[in-house]
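Novice: build me a model from this:
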Amino acid sequence: MANYTAADVKTLRERSGAGMMDCKSALDEANGDIDKAMEVLRLKGLKGVTKREGRTTSNGIIIARVAGNKGYLIELACETDFVAKAEKFVALGDLIADAIAAAGAETVEAGLAASVSGKTVGDAITDEAAIMGEKVELRKVFVVSDDNIDAYLHRTSKDLPPQVGVLLAFKGTDVETAHDVAVHIAAFSPTYLTVADVPQDIVDTERRIATETARNEGKPEAALEKIVEGRVKGFFKENCLLEQDFAKDNKLSVAQVLEQHGLTVSSFVRLRVGA
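Specialist: Okay, the predicted model is just below:
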């Protein structure tokens, strides 16, 4: 007969982030001792690290930190939404984000080498992943800098931690409007800041597709240039932040709103888990 209760299984799941059957098995092996069961999960998990290498991490959390004039946006990925919403996983994300900001790490490689609780972030991830029984990886680290940084995190589900995050680097004093622009970015997911930021090869491809599409639609040759330019302009409006209609007032572009409020955006980053 098992010498532990359903409450013990629940406690171990919350502490470890591991699945129910793994927790039951660990408690069986540890004779009901939760602390020993944690060690069992860790040791078994470490043995399975290699097996987990090829697994897909499509869930996780987005975390933001602002330190002075720098903002850090981080994606910590895992395999299942069960682990993504576990307190232990969320706490790990917070520890990693703090370590990355403290170290000023601007890449995944530098982030993994940052120090946290007497070990590297990479080692901390390996240790916690062993207990959780899932592949966990620091997938992305992005940094922006300017006079001011706004950070916005969005939950796509009330049951999950933030799945979308935005950093906005800007000059100006109207922080409320700057935050509204960050929220806009989360909703409308622009790829570029300005038209000038779009690589020429992408513009050429869009123009070619627009030309071929117009011809296939039977548009007159004399009208092609105007039609193509209109469609390329539509591409810019959809993908460039400053060209987009502002979410809170679609009669104005984001560029017009920024100008009205004395703001200049130098860069932004938008991350979504698994994207």
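Novice: the closest residue in space to residue 159 that isn't next to it in sequence: neighbour count?
Specialist: Take residue 159 and drop its neighbours on the chain: the residue closest to it by CB to CB, 6 or more residues apart in numbering is residue 85, 6.1 Å away. The C-beta positions use only the backbone N, C-alpha and C, and glycine is treated the same way. Look at residue 85: counted by other CB atoms under 10 Å, it has 17 neighbours.
Novice: my guess is residue 85 contacts residue 161. True?
Specialist: Yes: under the criterion of CB atoms under 8 Å, residue 85 makes contact with residue 161 at 6.2 Å.
Novice: residue contacts, the residue nearest to residue 159?
Specialist: 159-161 (CB atoms under 8 Å, 6 or more residues apart in numbering).
Novice: what subset of those residues is buried?
Specialist: Burial by neighbour count, 16 or more other CB atoms under 10 Å: within those this picks out 160-161.
Novice: any chance of JSON lines for the contacts of residue 85, columns secondary structure?
Specialist: JSON lines is the format used below for those (DSSP: H, G, I helix; E, B strand; the rest coil):
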{"residue": "159", "secondary structure": "coil"}
{"residue": "160", "secondary structure": "coil"}
{"residue": "161", "secondary structure": "coil"}
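Novice: show me which of the contacts of residue 85 is closest to residue 226.
Specialist: residue 160 (46.5 Å; CB to CB).
Novice: now that closest one: closest residue in space, sequence neighbours ignored.
Specialist: Nearest residue to residue 160, sequence neighbours excluded (CB to CB, 6+ apart): residue 85, at 5.3 Å.
Novice: residue 173 now?
Specialist: residue 262 is the one closest to residue 173 (CB to CB, 6+ apart), at 7.0 Å.
Novice: just the helices in this structure please.
Specialist: All helices of the chain, identified by DSSP state H, fall at 6-16, 20-29, 34-47, 49-52, 81-84, 87-103, 108-113, 121-132, 175-188, 200-216, 224-239, 254-260.
Novice: looking at the ones you listed, which is nearest to residue 65?
Specialist: Relative to residue 65, the nearest member of the helices of the chain by CB to CB is helix 87-103, separated by 4.0 Å.
Novice: list the contacts of the closest one.
Specialist: 14-17, 61, 63-65, 67, 70, 72, 74, 76, 78, 83, 105, 110-111, 113-117, 121, 124-125, 128, 131-132, 136, 138, 141, 161.
Novice: drop anything exposed from the residues you listed.
Specialist: 15-17, 61, 63-65, 70, 72, 74, 76, 78, 83, 105, 111, 114, 116, 121, 124-125, 128, 131-132, 136, 138, 141, 161.
Novice: any stretches of the stretch 51-200 of the chain with poor pLDDT?
Specialist: 51-55 (pLDDT under 70).
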